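Q: Test case, fold it:
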Amino acid sequence: MGRVDGCWANVLDDCDGELEDEHMISVNVWRPKNGVDTRKARERRTVNVDGAPGAPKSFPSTVRKLKLPVLCREHNRRTSDLDTEAGAFARSLDEFLNIQDARSWCPQMPWAPRTWVVDGKLIERWMLKTAITNAYSRRLPLGGLDADPGRPTRELVEIVYGLRGVERPMGLFALTRVGDNHNFREEFGVHYFTNPSSGHAFFTGAVIVFRTLRFGWQFTRKPLPEVYPAVGNDEIDGAITVQPLKNVDHPRSATKLTLTW
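A: I've put the predicted structure just below:
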């Protein structure tokens, strides 16, 4: 046990094994290629990636290549439950949309309710892990000045590994706007932001684009604005912040996805 150089969780002093490549976004969340539901089929997928450090705004890549050497073997292994729940979240969104489309021919029909349930706390930790991993090579620390550039504070690391809880308004929140229509296409991006008025040179949070849904992760306890400002992304300009997100629903098709907290 000790510290492995380059592992963003090494502040816990319990690294083990060599540095490994961590997927920028979990393999589990991608749809399988040609309907073959295996990990290898997902890794062979070619996808467009948005927001990767030092890369064009959007570029094609196979899922297999979307890796960064940022975790030791032990810390990589210990996030498998987060990856599994993220996959369940993605599959639930797929089923949610499929049922919604199947019922669209008669919105007046009193359809039997369909509900999918995922663990909000695991999704919150997975979103944070994803934001931290994608901060590789960034020039500012995440969450405070006591972290190295492109690396998180100890507090954020402890949250990822379930060693401490999230104290609101820190944590995951949703960004929604009236009239938003989500088709849950495979879309992924991470955009980091600072608080210019604070004068502190560190990232105070991130906006995570996942399946056309917009989430934010607040790395500090600074109160969230009710209406979010644009952060280099016009699609979130004027969005309402919701924390925590409890439901994604479509009343006309009697479908609901619930995040438990």
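
Q: Residue 255 touches residue 112, doesn't it?
A: No. Assessed by Cβ atoms under 8 Å, residue 255 is found out of contact with residue 112, at 10.3 Å. No exception for glycine: its C-beta is placed from N, CA and C like everyone else's.

Q: Have a look at the two and say which one is more surrounded.
A: residue 255 (22 against 7; other Cβ atoms under 10 Å).

Q: And the pLDDT at that one?
A: For residue 255, the model assigns a pLDDT of 94.

Q: Now it. Its backbone dihedrals?
A: Phi and psi for residue 255, reported as degrees, to the nearest 10, are phi -110, psi 140.

Q: Residue 209 is in what secondary structure piece?
A: strand 205-210 (DSSP states H and E).

Q: Now do that strand: everything it contacts.
A: 29, 50-51, 127, 130-131, 135, 142, 175, 187-193, 214-220, 231, 233, 236 (Cβ atoms under 8 Å, 6 or more residues apart in numbering).

Q: State the helix or strand in which the spatially closest residue to residue 250 that is not a sequence neighbour lies.
A: Excluding its sequence neighbours, the residue lying closest to residue 250 (Cβ to Cβ, 6 or more residues apart in numbering) is residue 100, at 5.1 Å. Assigned by DSSP H and E, residue 100 belongs to helix 80-102.

Q: in that helix, what's buried?
A: Buried residues in helix 80-102, counted by 16 or more other Cβ atoms under 10 Å: 82-83, 85-93, 96-97, 99-100.

Q: now stretch 110-129
A: Using 16+ other Cβ under 10 Å as the test for burial, stretch 110-129 gives 114, 116, 118-129.

Q: How about stretch 247-261?
A: Neighbour-count burial for stretch 247-261 flags 248, 250, 253-259 (criterion: 16+ other Cβ under 10 Å).

Q: And the contacts of it?
A: For stretch 247-261, contacts defined as Cβ under 8 Å, 6+ apart pick out 92-93, 96, 99-100, 103-104, 107, 110-121, 123, 213, 244-246.
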